[in-house]
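Visitor: Next one to model:
(chains A, B, C, D and E)
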Amino acid sequence: MSAMVTRVVLEEEESARGVEGELLEISMGPHHPSTHGVFRMDVRLDGERVTRLKPVFGYLHRNHEKIAEKASYLAAIPYTDRLDYLCSMTNNWGYALAVEKLAGIPVPERAEYIRVITAELTRLQNHASLIGFLLQDMGASGTPLMYAFREREKILDLFESLTGARMMCNYMRFGGVRVDCSSEWLEAAQNIASSFPQFLDEYEQLLTGNEILMARTQGVGALSAELAVNAGITGPMLRASGVNYDLRKVDRYGIYDRFTFRVPLGDHGDVYDRYMIRLLEMRESVKILEQALAAIPEGPIIDPKTRLRGLRPKAGEAYGRIEGPKGELGFFLISDGSTNPYRYKVRPPSMINLTVLEDMCLGRNVADVVVILGSVDIVMGEVDR
Amino acid sequence: MSLSFLILALLTLGGAVAAMTLHRLVHCVLALTVALAGLAGLYLNLGAQFVGLAQILVYVGAVAILIVFAVLLTRGAEIASQMDSSRQGRFSALAGGVATAAAVFAVLAWVVLHSPTLSAPAATMTQVAPQAAMQQIGDALMRRYVLPLEVMGLMLTAALIGAVILALEEKPEAQ
Amino acid sequence: MTQAPVQQLDQIFVMLKHWLVGYVPAAAQPVVSSLLSVVAILALFPALFAFTTVLERKGLGRMQNRYGPNRVGPFGLLQPLADGIKSLTKEDVVPRTADKAVHFMAPLLLVAASFLAYAVLPVGRNMAAVNLDAGVLYFFAVGAVAELAVFMAGWSSHNKYSLLGAMRAIAQMISYEVPLILSSLAVIMAAGSLSTVEIAGRQAGYSGIWPHWYVLTPWGLAGFLLFMIAATAETNRSPFDLPEGESEIIAGYYTEYSGFKFALFFLGEYLGMFAISGLGITLFLGGWSAPFSFLTWIPSWIWFFAKLLALIAVFIWMRGTLPRLRMDQLMNFAWKFMLPMALLVMVSAGVWRFLPHGVLRWIVCFVMIAVPYVLLGRGLLQGKKIGKRTYRFAE
Amino acid sequence: MTPLTGCLLVSSLLFAIGLGGALTRRSAILVLIGIELMLNAANLNFIAFWRYGPHSEALTGMLFVIFSIAVAAAEAAVGLALIIAIYRHTKTTDVQEMDELRG
Amino acid sequence: MLGEGIVKGLAETARNFLGSFVDEERLTTVEYPEERLPQAEAARNFPFLIYDGDDAEKGLRCVACQICEKECPPRCIHIEKSKDKKPDYVGKQQFYPAVFDIDVSVCMSCQICVEVCPFEAIRMDTQFELSTDDRFGGLLWTKAELAKTNEYYHSIHPTEAGETDARLDEEKAKVAAKAKPAEAEMQAKA
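Guide: Now for the predicted structure:
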């Protein structure tokens, strides 16, 4: 049933039963334990069934786009770290890609490899902790989250030794990356890549077959492929609905056409599929990592002709997009030839994926709302910007 | 008459009065549970252990909760009745009800106090609490009262099904 | 003559009480005797509660590869003291629109009801506060009062989350009371008594080295598992902690409680957990009796508390592993799985009683329980189309 | 006053309270509560007569109460289900407004 | 069968429970502040200004070019140029910062100032325990608080500092090579 029809039916029921006394209106958030930051849902309940859900966001608005328009091209990079603060590497990459398109900057081979490696590591830690958070929302008292964080810690340590910061990496630059990685670093990354499947097995042992998890997630928050495409959903959420759309395959940005990996697809589009797709994607990411680490060449890490400071691209516009862990992360830039972009626009996957929240939640239980929200994978820093 | 009896009787009657006079429905139900718990205490005081405990289990644990649920499910009515301020004819109805109840109590009390059998000297009454072991109750239920027990089971089943059907949400008819 | 000191150790608390009671005049002896029992219960179980909070946090921590509290005192053992001081010194916030009197009484009632249940638990040989003829019935009757306390807390807070939590809690407690009582009925049938002391006494014998515990029969094992599952639900522990499901309805019925009242709720919840575990031990795990005949020299009360701690550890283990169920699934599970299984266990207990001793009755009883279990389990999962899935990949 | 008389007086007072409430209160739920009180008053009588009367070993009074409690539980369940069903139709639990035979 | 997955999950947590006692790898907690993780050499937190020699005023490498002030994304740097000049490390007369303030509460540790500085004068410190109860005095760092010696820089980022010094030496050598003929001329004149 399409969301519009559901809504109409529920509203009719609502008016037939009389609103006072029977329907409960609760405000979940912005200070609610499961809203992943400062997010609010105005929920109307009939018993425990959701008859209306209004997402309210903007509590974390930090004027990101306007700040970036007032800053130089270089100075915007640290701000992109803070969009989706779990995946600063991919955010950097998306922005760097847009600027490279705008100014026509080539990227050296080695830098491309490093970008792939760090981006896939980011994907691993993002997906692992997301599943932890999802289970936390389901009430698993933090155990999966702690396991995910244990692994994430290793990846963050790796990031720290490379870039100096654990989360706000500020690593990629248009034309390459900021610092080179040592061979020890690559070895450490190799260690993580080869031990990660072991962690995934452990994780699946704990979760995948669990009857409670299956009962809580299967058939919950189903999103049809049609609605997903129409609403512009991207990332694992779209693929869980069965649409084969992965920018790493579609755009083949960077050097992704050199690696062999598969794109897992779900058939039901429910929370369980979203969970499983992320697990399977992690396994594919490990494959990419193995290939990239084996093939990384020596060479420069940044295009020597690029002026980082005072870059003045020719007037024009460019849209750079990558497959972030949460979906299509795009940066749209218009240059008027000055040192700062005339227009800077982010396409935040979290926020666009959030738009179908009500459609997925209508007619379901309050407990499902929490789980569905958890499965969307949002970071409010990116949603509100 | 012992002190414990007096306390329990006061608790029961106080609870009952509160249950019938308080304004908010939930308070009434809570007062009712006090009265019923007091009654259970009276049963225990009188030596009827099984009945006293069953009283708590059934009344406090089930009936009170059931009533509470009914109160919550009909919340709309309470809101409406609070807004309803028409008091015409209420006084006479109130007075009539109280008068009837008082009359009934007067008659009953008169009978109790003037009954020849009841006013017999206390010595003829059983002074030692009669024994009612679980074993005996079980025996009685399974032997002498087995038919009533079966009927009771049947009735409870019927009541269960009936209540479920009555309270079942009516499906909107297909159009 | 090694028997005598062992017996003395076993009965040390009983003797201590007799000795103390001997000093008061005869008229006051019953009162003093019960007062002593009450004081012992009031001192012992809150202490156990304090210990369990540390145990739980440390256990959960270890399961999650963390240390857990280890800063206050040696191994963090003084952590409950710090928590207690903190909750005592915190501001006691009462919502303005709350029903003050009811709001105040709810935690008291909950704790009082939880304490009352201990009166009939035999924590050792000759160590029950009262030997009630209808002990099990008393236990459940007192447990029913807790439901009312929960409702009072949820309703009086005048908070939607609280009310939702209270409704969930009551619906859940009522639903799981049915399998809880039904599975204990099997034991009551087998023991032929409602008295907890007598039920524990019935299981104190040994065949060879094996004790006569009810859990060591097919129906007893199934009954025990059902009982413990229902007990988990009854005490609102994970995975049945919906009434206080933090991620959904904040803290459920005690959302609007703070400071010491909150601590009281916490206490009441744990006391309820201990009490119901204690009842499970009494009914199925032989109460205070030793698991092997050659271990009877260890005092009976040590065995009771060892079993209690083991069950608490299982509670913690479950909490560390399982996500929470949803309300409708919880109800489905209660009525479509627990209830029929509990009835079957009762029937099976009857069959066990009337079949002759031997392998046959083991097989019959086992099949009587195992086959419906598999079928019901399959129905529960496949009825909702729940199961593992395969995924396709695009190259 | 003998203990039996005391019990009977308490019981009759309880009955009167229940009756008064059932007659004067308008909420159907409160009427039901009143009826419960009256029923319980009768139960108290049974127990009192069992305790102080002759032939207590026959347990008649006690068993009568046990059955009565079971009946009361059924009665409460059905009664409340009725109230809820009526409420669904008329949006009221006021007994004075439930004066239509048509649902 | 119902319960299979639950039992598997229980086994997994039990394994982790036991593993946390025997396996160092599993129990990753570091008990700060008694124990500290070694910091990565690349670690960065807040900027500091490098000076050569012993005198912070005299040896400060910063020439108050104000590029970092302009490029700083959150604009947390405040520089006021001096009126007079002083010789820099190669001996050239340069301006120096009369005022150089960084608001540490605003700084987002992004290292952009380090990247854009053409004089190797500003670098990232690894100190991170900087909390104070004085928001305006305590977190607004002046030139005196920011200035650190080159030796300190060597102690926290040895590799990077070595590279920087090599670069500076090269530059100095170049200047010296240029200056040598001139000097010789001067001497010859004298």
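
Visitor: Not counting residues beside it along the chain, what's closest to C:Ala166?
Guide: Nearest residue to C:Ala166, sequence neighbours excluded (Cβ to Cβ, 6 or more residues apart in numbering or on different chains): C:Gly154, at 2.2 Å. From N, CA and C alone the C-beta is placed, and that goes for glycine too.

Visitor: With adjacent residues omitted, what lies nearest to the spatially most central residue of chain B?
Guide: Residue closest to the average C-alpha location in chain B (Cα atoms, centre = their mean): B:Leu36, at 6.1 Å. The spatial neighbour of B:Leu36 that comes closest, neighbours along the chain excluded (Cβ to Cβ, 6+ apart), is B:Tyr59 at 4.2 Å.

Visitor: all strands in chain D, in order from the N-terminus.
Guide: Chain-ordered strands for chain D, with DSSP state E as the definition, do not occur.

Visitor: residue nearest the centroid of chain A?
Guide: For chain A, the residue nearest the mean C-alpha position is A:Lys326 (2.0 Å; Cα atoms, centre = their mean).

Visitor: how much space between the nearest residue to that residue once chain neighbours are set aside and A:Glu323?
Guide: Spatial nearest neighbour of A:Lys326, chain neighbours left out: A:Pro349 (4.4 Å); criterion: Cβ to Cβ, 6+ apart. Using Cβ to Cβ, to the nearest Å, one obtains 9 Å as the distance from A:Pro349 to A:Glu323.

Visitor: Kindly report the same for A:Tyr256.
Guide: Distance check for A:Tyr256 against A:Glu323: by Cβ to Cβ, it reads 8 Å.

Visitor: more crowded one of these two?
Guide: Higher neighbour count among A:Tyr256 and A:Glu323: A:Glu323, with 27 against 21, using other Cβ atoms under 10 Å in any protein chain shown.

Visitor: contacting residues around the more buried one?
Guide: Under the criterion of Cβ atoms under 8 Å, 6 or more residues apart in numbering or on different chains, the neighbours of A:Glu323 are A:235, A:246-248, A:251, A:329.

Visitor: Top of those residues by number of neighbours, please.
Guide: With neighbours taken as other Cβ under 10 Å, the top of the contacts of A:Glu323 is A:Leu329, carrying 30 neighbours.

Visitor: Which neighbours do A:Pro349 and A:Glu323 have in common?
Guide: Between them, A:Pro349 and A:Glu323 share these contacting residues under Cβ under 8 Å, 6+ apart: A:235, A:329.

Visitor: and C:Ala204, backbone torsions?
Guide: When read as degrees, to the nearest 10, the backbone of C:Ala204 gives phi -80, psi -10.

Visitor: And for it, the neighbour number?
Guide: A count of nearby residues for C:Ala204, using other Cβ under 10 Å, gives 17.

Visitor: ok, now the one 10 residues further on?
Guide: Applying other Cβ under 10 Å, we find 24 other residues in the vicinity of C:Tyr214.

Visitor: Same check on D:Ala41?
Guide: By the other Cβ under 10 Å criterion, the neighbourhood of D:Ala41 contains 24 residues.

Visitor: How about the one 4 residues further on?
Guide: When neighbours are counted by other Cβ under 10 Å, D:Asn45 registers 21.

Visitor: Mutual contacts of A:Tyr256 and A:Glu323, please.
Guide: In the contact map built from Cβ under 8 Å, 6+ apart, the residues linked to both A:Tyr256 and A:Glu323 are A:Arg248.

Visitor: Phi first, then psi, for the residue of the stretch 101-250 of chain A found nearest chain C.
Guide: Chain C sits closest to A:Gly139 of the stretch 101-250 of chain A, with a gap of 3.0 Å, by Cβ to the nearest Cβ. Dihedral pair for A:Gly139: phi 90, psi 30, per degrees, to the nearest 10.

Visitor: now it: how far from C:Lys388?
Guide: 22 Å.

Visitor: who's more crowded, those two?
Guide: A:Gly139 (29 against 11).

Visitor: Give the closest residue to that one in space, chain neighbours not counted.
Guide: The shortest distance from A:Gly139 to any residue that is not its chain neighbour, by Cβ to Cβ, 6+ apart, is 3.0 Å, and that residue is C:Arg324.

Visitor: got the contact list for the one you found?
Guide: For C:Arg324, the residues meeting the contact criterion (Cβ under 8 Å, 6+ apart) are A:138-140, A:212, A:216, A:367, C:238-242, C:245.

Visitor: confidence score at it?
Guide: According to the per-residue confidence, C:Arg324 scores 86 in pLDDT.

Visitor: Need phi/psi at it.
Guide: Backbone torsions of C:Arg324, given as degrees, to the nearest 10, read phi -90, psi 150.

Visitor: Please tell me how far it sits from chain E.
Guide: Per Cβ to the nearest Cβ, to the nearest Å, C:Arg324 is found 13 Å from chain E.

Visitor: same deal with A:Ala71?
Guide: Distance, A:Ala71 to chain E, by Cβ to the nearest Cβ: 6 Å.

Visitor: do you know how far that residue is from A:Asn340?
Guide: Applying Cβ to Cβ to A:Ala71 and A:Asn340 gives a distance of 6 Å.

Visitor: With neighbour numbers in mind, choose between these two.
Guide: The neighbour comparison of A:Ala71 against A:Asn340 (other Cβ under 10 Å) goes to A:Ala71, with 24 against 18.

Visitor: Isn't the more buried one up against E:Pro74?
Guide: No: in this structure A:Ala71 lies outside contact range of E:Pro74 using Cβ atoms under 8 Å: 9.4 Å.

Visitor: hang on, isn't D:Gly61 packed against D:Ile47?
Guide: Yes: D:Gly61 is within contact range of D:Ile47, at 6.1 Å (criterion: Cβ under 8 Å).

Visitor: re the thing from before, which residues are in contact with the residue nearest to C:Ala166?
Guide: By Cβ under 8 Å, 6+ apart, the contact list for C:Gly154 reads C:162-167, C:169, C:252-253.

Visitor: Which single residue of chain E approaches chain B most closely?
Guide: Each residue of chain E has a distance to chain B, by Cβ to the nearest Cβ, and the smallest belongs to E:Leu2, at 26.5 Å.
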